[in-house]
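**Student:** I need the structure of the sequence given here:
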Amino acid sequence: MKKFRKVLDGLTTSSPGGTMGSPSCGSAAGTPTAAPTPKEIDVQETLVSENFQLCKTVRHGFPYQPTSLAFDPVQKILAIGSRSGGVRILGRPGVDCYCQHESGAAVLQLQFLINEGALVTACADDTLHLWNLRQRRPAVLHSLKFNRERFEKIHLFLFKSKTKLFEKITCGAVGVSEMKSNTILTNTCREAIHSVSWHHEGKQFMCSHSDGSLTLWTLRNTTKPFQVTFPHGKIQKDGRKESCKPILKVEYKTSRSSEPFVIFSGGLSYDKAGRRPALTIMHGKAITVLEMDYPIVEFMVLCETPYNNEVQDPYAVVVLLEKDLIVVDLTQSNFPVFENPYPMDIHESPVTCTAYFADCPPDIIPILYSIGAKNKKTGYSHKVWKIFQLLRKITAFFSLFRHADGSIKFWDASAFTLQMLYKLKTSKVFEKPKPGEGRAAELGEEDPFAVQMVSWCPHSRIFCVVGISAHIILYRFSKYDANTQIVSLEVRLQCEPEDIITPSENENNPCFSEPGSHSPQPHHQHPLSPGSRTPDGAKDSIPLKDKMVRVPPGYQSDLVIQLLWVDGEPPQQITSLDLNSAYGLAFGNCNGLAVVDYLQKTVILCISTLDLYGATDPYQRLTRSPRRNRQSTSGSTHKHICLCLLLSTPLQGVIQSPTHRDLSEDSHMQHNLKYHVGYARENSFSRSRSSSVSSIDRDTKEAITTLQFGESYGRKSDALPTPCLWVGTSLGVGILIPLSIPTDQEERMEDPVTVGPSGKLQMLKGSVLRFGFLDCNGALIQSPYEVWRDLNAPEDPDRPRRRKLVHFSPSSSQDAFGEGHLAIVCSERQAKVFLMPSQSCLFVHNITESSFVLRADVVSLCNSVCLACFCANGHVMTLSLPSLRPLMDVNYLPLTDMRIARTFCFTNEGQALYLSSPTEIQRITYSQEMCDNLQEMLGELFTPIETPEAQNRGFLKGFFGGNAHTFDREELFGEAAAGKASRSLAQHIPGQGGVEGMKVAASGAVGELARARIALDERGQRLGELEERTALMMTSAETFSKHAHELMLKCKDKKWYQF
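**Tutor:** The predicted model follows:
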């Protein structure tokens, strides 16, 4: 039971430390302290350090910089090696594992020990590793470090080999050795050899050459090839063959039911510049060229049999590209590709940011999947990869990946595999820009639609996107298609730091500046011809589609907000965003803050960051003037122009938003921002400024770093919670802005939304990153939301579409009305807990002194809440709430790339993810419970399966088929034949696979017992079948004995000449 003090309302109203967060709130770093008050409230904190453990769970996406490929034909698993030392093992859906070599050396080659649950990796540091795959998390059993030799190729003799030949390839020469008699047959070719592939009988082999030719050799005549072909070499007019690219690899596979397959990469002619890489499939006389989007790293033909000396019967070919993995179906004549069950296209466009959601509504995933399935690619093979194992779902997790091309992908992350649900392209609301045209082309901007951040409300299904071109798009979800016209708002959020308002300019009127300079004035809209330039530079913004468009079911654009260019200068990028379906939309940048009513399509507030403070500015800076007022026009009659100047007057009064009624009365859509001044600001600029305060750099812009809507107490005197907007800045200041929003549906669409006075501050060290709210019992307070309603659905008289809000009031879960609530504010270096409405600081914790926090979130775990932080020095920390007691501090991942800082995100239930490479997403957990159950959640890499028996060799084929013999590995490479190996040749390094295997066996004892029981039942069934066959054989033997005895008695008295 953790006790902390509560400050009574109004006791500390005169104390600046209560509202400003002075050092009186806490003592040393990391030591939470409580303010002395006469009243106590109890919060039971159930989380302890034993509830936390950090570990990796699963990795999604395509392996970054792949180098090698291997396949186990019995277990049906695929392994991919990478340049960073990683190994990705893929099976049927549900089997996905990632391993990492400690050395980080590139993986040169992979070889499975077929159906033995082991994998051999050859790395660039001349080390061989043997991995144990009989456990769900593979580990290294043994390592062999070569001291004097460097290897380039490894080969494993897995079964008793009936192939008597072994080839050695050099530049332009082929060598064939008889392994038993150690005889060698060599021949020199005119062109360099890149690869060799054997016929399954061992009597022929095919070579690929640097001139794009294929040669077929037979052992009966090794002086020259008996067949030379140029698959892509055409005969020119002068009789010469055109030059072709080298064929880097060839596979020669036989089939029982058809002619052999010859599959190779490269070999295309040089006649066309810039031709894409291709894979060629020769089947009989037909030649099929499959062009690839990326260079081919490796390919492998999958066959039915694991034995190389049998008819192969290929059924697919796996092609490993630099940025993709495809599997081609060889059983169909058009060679379609299989639909990959794994998300290999996360990097289709560079990922710019991510979002991770837990406990989503159960109906959102099926409906997104049903809509996204309509837009899926077609032409895949009708065959599908069979389900290997059904995984236990954790909870309804949801992932959003945003890309540089403006697309957003929705993924189902409920299980340990990602499944793509829906793809949204934000660029469809804009006109296609012509190449080399516009201001973006002058600045060299390659991706004007790149997504920077999103805000999503799963319950109301409202989605908001921020683009790199300083635009915001708000989407609503609908199950019906509709004809719509894009509505836009243009917001001017720009200031001039050079123009400083001096006290003398505002002595006569401290509340208002001159009408022509600083206060907003009416601005009218006039239609312009396309291409005309507006005075404010609106032409430099990305043009929107100004006509009716047909939008399909799914997310449909409802509002577009664009920040205007001013005097040829682009607007500053948006740094913070928050969307609340019950209240509105807020965003900010380094210049100021804007609040938008998305229902009335109007701007409620547009103000500079400095003007938010008013007389309570802790640094006593002079306010900046906005840019001078100018007339603005636009060419779209459905575009709302909001020239919202940055207010030079601090926010001390009440601001009302314009409504649709105002817009209908004025055909020019006049926007009036009305000010109702409640009280005058006295001597706001008359204070003396010390030299230390004046030394603050005025040109340093204070950015809005985080925003959060919620029900809170905007003033210390408030008895009831009201809608508020919490604003955090880069100088570590938290500002509370109360809102007045009509509750009735009709009034909500007509009456204006008002913004009350602000100036309540909380100060922390570093930029403010996150706000969170708890009730006085320690439970997390969720943000209110609007229940989803489909605006495009047909009208139903019995069920009218009325706006319904769901509120989570701070007082709803408490016995005493008006008890208040707790506000958690986390910055880059510090976290504080405030008691509302008194705004007294209860606890403070200095998170880090030598680094800074990159990401912080208030998350729920084990029916409780905590504060999770990720620091730039790689530490992942969790703090209890509300006492801010450290629970976990793990040095996990140093910040080596801004990609990690940009994409790292926490969510509930102890989950987190980040972009580990440009093509891969890494999911981690910091929950001890999930770490304990992780072994049962992962898929099995190895299942006991009997190895298929080798094909029996007929007597006649063995008699007339030559003198091939069967040799095992010991006979070929044992000590008796090859002698003992030198101990100085390589160093043996024991691995941790054995110990890890024991741990896995101990943790999964129940599962092993269940599998043993199933195996015992199967064995009993087989024994029963054997007993039945034995009984039949005994019956047959008795019948045969009876007939033989009868025949003996019949022929007993006959003479030899009577037969």
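**Student:** Residue 1047 belongs to a strand, doesn't it?
**Tutor:** No. Residue 1047 sits outside any strand when classified using DSSP: H, G, I helix; E, B strand; the rest coil, being helix.
**Student:** Could you check how far it is from residue 730?
**Tutor:** 107 Å (C-beta to C-beta, to the nearest Å). Where C-beta positions appear, they are placed from N, C-alpha and C, glycine not excepted.
**Student:** out of the two, which sits in the busier spot?
**Tutor:** residue 730 (21 against 10; other C-beta atoms under 10 Å).
**Student:** Pretty sure that one sits against residue 703.
**Tutor:** Yes. Counting by C-beta atoms under 8 Å, residue 730 does reach residue 703; the two are 4.4 Å apart.
**Student:** list the residues that contact both of those two?
**Tutor:** The contact sets of residue 730 and residue 703 overlap at 590, 767 (C-beta atoms under 8 Å, 6 or more residues apart in numbering).
**Student:** residue contacts, residue 45?
**Tutor:** With the criterion set at C-beta under 8 Å, 6+ apart, residue 45 makes contact with 2, 778, 864, 880, 881, 883, 885.
**Student:** and it, how far is that from residue 774?
**Tutor:** Counting by C-beta to C-beta, the gap from residue 45 to residue 774 is 11 Å.
**Student:** ditto for residue 232
**Tutor:** Taking C-beta to C-beta, one finds residue 232 at 69 Å from residue 774.
**Student:** coming back round to it: common neighbours of residue 45 and residue 774, please.
**Tutor:** residue 881.
**Student:** From what I see, residue 901 and residue 873 are in contact.
**Tutor:** No. Residue 901 is not in contact with residue 873 according to C-beta under 8 Å; the separation is 11.7 Å.
**Student:** Quick one: the strands in the stretch 151-300 of the chain, in order.
**Tutor:** 165-170, 173-178, 183-188, 193-198, 204-209, 214-218, 227-229, 247-253, 261-266, 278-283, 286-291, 296-303 (DSSP state E, counting those that start in this stretch).
**Student:** average pLDDT for the longest one?
**Tutor:** Over the span of strand 296-303, the pLDDT mean works out to 93.
**Student:** Tell me the strands beside it, with direction?
**Tutor:** As defined by DSSP bridges, the strand partners of strand 296-303 come to strand 314-321 (antiparallel).
**Student:** Kindly reformat the contacts of residue 45 as CSV and extend each row with pLDDT.
**Tutor:** Shown next, in CSV, are the contacts of residue 45 (pLDDT from 0 to 100):
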residue, pLDDT
2, 41
778, 87
864, 92
880, 94
881, 93
883, 92
885, 94
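**Student:** Derive a ChimeraX selection command for the buried subset of these.
**Tutor:** Command for ChimeraX that selects the buried part of the contacts of residue 45, burial taken from 16 or more other C-beta atoms under 10 Å:
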select :778,864,880,881,883,885
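**Student:** Give me the subset of the contacts of residue 45 that lies in helices.
**Tutor:** Using DSSP state H, no member of these falls in helices.
**Student:** so residue 592 makes contact with residue 609?
**Tutor:** Yes. With contact defined as C-beta under 8 Å, residue 592 reaches residue 609; the gap is 5.3 Å.
**Student:** more crowded one of the two?
**Tutor:** Ranked by neighbour count (other C-beta under 10 Å), residue 592 and residue 609 place residue 592 first, with 29 against 25.
**Student:** where's residue 45 relative to residue 835, distance?
**Tutor:** 17 Å.
**Student:** Check residue 756 too.
**Tutor:** 21 Å.
**Student:** do the same with residue 343
**Tutor:** Applying C-beta to C-beta to residue 343 and residue 835 gives a distance of 45 Å.
**Student:** Next: residue 328.
**Tutor:** Counting by C-beta to C-beta, the gap from residue 328 to residue 835 is 65 Å.
**Student:** next one: residue 718
**Tutor:** On the measure of C-beta to C-beta, residue 718 and residue 835 end up 13 Å apart.
**Student:** just to revisit the earlier point, neighbour count: residue 756 and residue 835, which is higher?
**Tutor:** residue 835 (27 against 19).
**Student:** which SS state does the most centrally placed residue in the chain fall under?
**Tutor:** With distances taken as C-alpha atoms, centre = their mean, the residue of the chain nearest its centroid is residue 921 (4.6 Å). Classification of residue 921 by three-state DSSP places it in strand.
**Student:** who's in contact with it?
**Tutor:** 59, 60, 61, 346, 351, 354, 399, 401, 418, 913, 914, 915.
**Student:** In strands, which of the residues you listed fall?
**Tutor:** 59, 60, 61, 351, 354, 399, 401, 913, 914, 915 (DSSP state E).
**Student:** Test my guess that the second one contacts residue 343.
**Tutor:** In this case it means residue 60. Yes. At 5.4 Å, residue 60 and residue 343 qualify as touching, with contact defined as C-beta under 8 Å.
**Student:** Of the two, which one has the most company?
**Tutor:** Higher neighbour count among residue 60 and residue 343: residue 60, with 24 against 21, using other C-beta under 10 Å.
**Student:** Tell me who's in contact with that one.
**Tutor:** So residue 60 contacts 96, 342, 343, 346, 417, 418, 920, 921, 922, 923 (C-beta under 8 Å, 6+ apart).
**Student:** Please identify the helix or strand for residue 1022.
**Tutor:** helix 1005-1050 (DSSP states H and E).
**Student:** Averaged pLDDT, that helix. What do you get?
**Tutor:** Mean predicted lDDT for helix 1005-1050 stands at 78.
**Student:** Please compute how far that helix lies from its chain's middle.
**Tutor:** The chain centre lies 56 Å from the centre of helix 1005-1050; the measure is C-alpha atoms, centre = their mean, to the nearest Å.
**Student:** Kindly format the C-alpha coordinates of stretch 904-915 as PDB.
**Tutor:** The C-alpha coordinates for stretch 904-915 follow below in PDB (Å, rounded to 0.1, in the frame of the first residue of the first chain):
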ATOM      1  CA  PHE A 904       9.800   3.400 -31.300                       C
ATOM      2  CA  CYS A 905       6.400   3.200 -29.600                       C
ATOM      3  CA  PHE A 906       4.900   1.600 -26.600                       C
ATOM      4  CA  THR A 907       1.400   0.200 -26.100                       C
ATOM      5  CA  ASN A 908      -0.600  -1.600 -23.400                       C
ATOM      6  CA  GLU A 909      -0.100  -5.200 -22.200                       C
ATOM      7  CA  GLY A 910       3.700  -4.800 -22.100                       C
ATOM      8  CA  GLN A 911       4.200  -4.500 -25.900                       C
ATOM      9  CA  ALA A 912       6.500  -2.200 -27.900                       C
ATOM     10  CA  LEU A 913       8.000  -2.100 -31.400                       C
ATOM     11  CA  TYR A 914      10.400  -0.200 -33.600                       C
ATOM     12  CA  LEU A 915      12.000  -0.300 -37.000                       C
END
